[in-house]
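In: please work out how this folds:
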Amino acid sequence: MKINNKYILKCIHEIIEEYHENGAKSNKNKTNIYLTKISMITPKFLKEKMLKPMYRLYLKHNTKTNPLEYKYSEIDLKWSLNFLEYSLTHEVNFNLDLFENDNDKKEIIKFIKNKLYMALRGQLFTYNLFTEDDLTYFKKYDDFFRKNIKFKNANYTDINYNNKKYTLASSNVGISSFYHNYGLDIIPKKVISNIAHKNILDCGAFVGDSALIFEKLKPKKIYSFEPDTKNYLKLIETIKLNNLNPLITPIKKGLGDKNKNVYLENALDSSYIKKNNLKTKDSEKIEITTIDNFIQDNVGLIKMDIEGYELEAIKGAEKTIKKNRPVLLICLYHTGKDFFEIPKLINKWNLNYTYRFLNLYKIHPTNERVLIAYPN
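Out: Predicted coordinates:
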């Protein structure tokens, strides 16, 4: 099955029909005022059938808070609008048949629909976005945190993981790392064992949470790339607190497809490289390098969560990936470009990988969706 422009428009049509059947009758659904931002790229039939009436309804009606309503952030909206824009302005083609696991296929389809929901509809409800199984994770995550996570204060957290106690120099504890083990559990044991004594590249290391879980893989070295100054300092502290120097080496650089200097917009766990590359009061100039320039030998695993710059970093790692065929853990949930182009590019290299698509944060509609690729 191919997910292409025709499929995207079909999904949008379904949202339109749902809106007219439910929202328009009750006059209770409201939509994003930000829809005006995408009006220039929207087909005429969408403007007439959806954007204009939904925008008028947004201005006319206020609804009371509903316990089933799902509130999402400005960052969620930003990435969802990016996904919609890319889908409408590029010839997209996502090969669902790359993924043999049926549940992965369902997660991909749900992810696409949730992106479109969040871009087009301001007021959303849990039944729009989650399955019954997803909703059970509210309790599962809560139980896990009560049992294994102890927040000492705003800056430090004790974590029980893999029968060891770690200290994280932050109160921002990643569910994808410590509960879902970053998807490593679905990878065959033989493949996992081959990572031992090889180098791991942790791209978008944040404060060191993912580096902590990679320790158990017994690598030769973990290179943790984190260009955000505040996060980099916390990363260094996490390494010291857990006596993991020199196993984990922090590197204050970003990764891309060529060496250059760019501006990074600082946003805690969501810092991103600015498209216009202009300095603002919340940005800092950082150095970008490529994986191919940094290392090309003995690489066993590459993890990337770099806020929409994953495709560029993959292109800058082509030689390393082709030579080593490492396990890849690549976030696909930020931009439309990453989602549609990264699996296609890696598959084009004919590396005989198995592909998985995992939801590593069940109680968020779109975040922490990760492409896992490992050699057969």
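
In: burial count for residue 223?
Out: 21 (other Cβ atoms under 10 Å). C-betas here are computed from N, CA, C, even on glycine.

In: could we number from 700 for the rest of this?
Out: Understood, numbering begins at 700; the last thing we discussed is residue 922.

In: wait, a strand at it?
Out: Yes - membership of residue 922 in a strand is supported by DSSP: H, G, I helix; E, B strand; the rest coil.

In: show me the contacts for it.
Out: Taking Cβ atoms under 8 Å, 6 or more residues apart in numbering as the definition of contact, the neighbours of residue 922 are 898-901, 948, 950, 993-994.

In: so which of those belong to helices?
Out: residue 993 (DSSP state H).

In: just the buried ones from the contacts of residue 922, in PyMOL syntax?
Out: Selecting just the buried residues from these in PyMOL takes one command, with 16 or more other Cβ atoms under 10 Å as the test:
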select buried, resi 898+899+900+901+948+950+993
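
In: out of the contacts of residue 922, flag the one nearest to residue 828.
Out: Closest to residue 828 out of the contacts of residue 922 is residue 901 (29.8 Å), distances taken as Cβ to Cβ.

In: correct me, but the closest one touches residue 913?
Out: Yes - if you go by Cβ atoms under 8 Å, residue 901 and residue 913 touch, sitting 6.5 Å apart.

In: hmm, back to that, output the contacts of residue 922 as TSV; include the columns distance to residue 817 and pLDDT.
Out: Converted to TSV, the contacts of residue 922 look like this (distance: Cβ to Cβ, whole Å; pLDDT from 0 to 100):
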residue	distance to residue 817	pLDDT
898	37	98
899	33	98
900	31	98
901	29	98
948	37	98
950	34	97
993	35	97
994	37	95
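
In: between the contacts of residue 922, which is nearest residue 701?
Out: Among the contacts of residue 922, residue 900 lies closest to residue 701 (Cβ to Cβ), at 31.5 Å.

In: so where's the longest helix in this protein?
Out: In the chain, ranked by residue count with DSSP H as the criterion, the top helix is helix 801-819.

In: what pLDDT, on average, does that one get?
Out: Computed over helix 801-819, the mean pLDDT rounds to 95.

In: what's in contact with the helix or strand following it?
Out: Later in the chain than helix 801-819, the nearest helix or strand by DSSP states H and E is strand 823-824. The set of residues that contact strand 823-824 without belonging to it, under Cβ under 8 Å, 6+ apart, is 765, 767-769, 771, 816-817, 1064.

In: return the distance of residue 1012 relative to residue 795.
Out: From residue 1012 across to residue 795, the span is 24 Å (Cβ to Cβ, to the nearest Å).

In: counting neighbours, go ahead and name the busier of these two.
Out: Summary of the neighbour comparison: residue 1012 and residue 795, criterion other Cβ under 10 Å, with residue 1012 having more neighbours (26 against 15).

In: what packs against the helix or strand harbouring residue 960?
Out: Element membership of residue 960 [criterion: DSSP H and E] is strand 959-964. Judged by 3 or more Cβ pairs under 8 Å, 6 or more residues apart in numbering; DSSP states H and E, strand 959-964 is in contact with strand 971-972, strand 982-988.

In: select, out of the ones you listed, the one closest to residue 936.
Out: Between residue 936 and the helices and strands packed on strand 959-964, the shortest gap by Cβ to Cβ is with strand 982-988, which sits at 19.0 Å.
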